[in-house]
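Trainee: Build the 3D model from these lines:
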Amino acid sequence: MTLAERLREEGRQEGRQEGRQEGRQEGRLEGRQEGQVSLLLKQLHLRFGEVPPEAEQRLRSATTKDLESISERLLTASTIAEVLGD
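Mentor: This next block holds a predicted model:
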């Protein structure tokens, strides 16, 4: 194996390793976000009854920052619309 071939192979291996690490990180982030959505849906259901599909969809498409804000509003809001910031 020539020096150039070895360097290419090392570069490929480093690229694969970085890809795996990024994939694991993204997976953990998505898992935490899905857990946050699941908990919020349960809390909304316990507090207000059935959660409308539109509200569930808003939660599922919300950013992590938005979910944090929604979690805080849940403590004082009197309706699901208030929780969602409508």
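Trainee: make it CA atoms for all contacts and neighbour counts henceforth
Mentor: Noted.
Trainee: by contact count, what packs against the lengthiest helix in the chain?
Mentor: When the chain is parsed with DSSP state H, its longest helix is helix 3-48. Packed against helix 3-48, as judged by 3 or more CA pairs under 8 Å, 6 or more residues apart in numbering; DSSP states H and E, are the following elements: helix 53-61, helix 64-74.
Trainee: closest to residue 11 out of these?
Mentor: Shortest distance between residue 11 and the helices and strands packed on helix 3-48, using CA to CA, is found for helix 64-74: 33.9 Å.
Trainee: Tell me which of the helices and strands packed on helix 3-48 is the most buried.
Mentor: Compared across the helices and strands packed on helix 3-48, helix 64-74 shows the largest average neighbour count, a mean of 16 (mean count of other CA atoms under 10 Å).
Trainee: who's in contact with that one?
Mentor: Identification of contacts with helix 64-74 by CA atoms under 8 Å, 6 or more residues apart in numbering yields 33, 36-37, 40, 44, 59, 82-85.
Trainee: Now with 7 Å, please.
Mentor: 33, 40, 83-84 (CA atoms under 7 Å, 6 or more residues apart in numbering).
Trainee: Next, the angle from the worst-scoring helix or strand of the chain on mean pLDDT to helix 64-74.
Mentor: Taking mean pLDDT, DSSP states H and E as the measure, helix 3-48 is the helix or strand of the chain with the lowest mean score, a mean of 84. Between helix 3-48 and helix 64-74, the angle formed by their directions is 20 degrees, by axes from the mean of the first three to the mean of the last three CA atoms, to 10 degrees.
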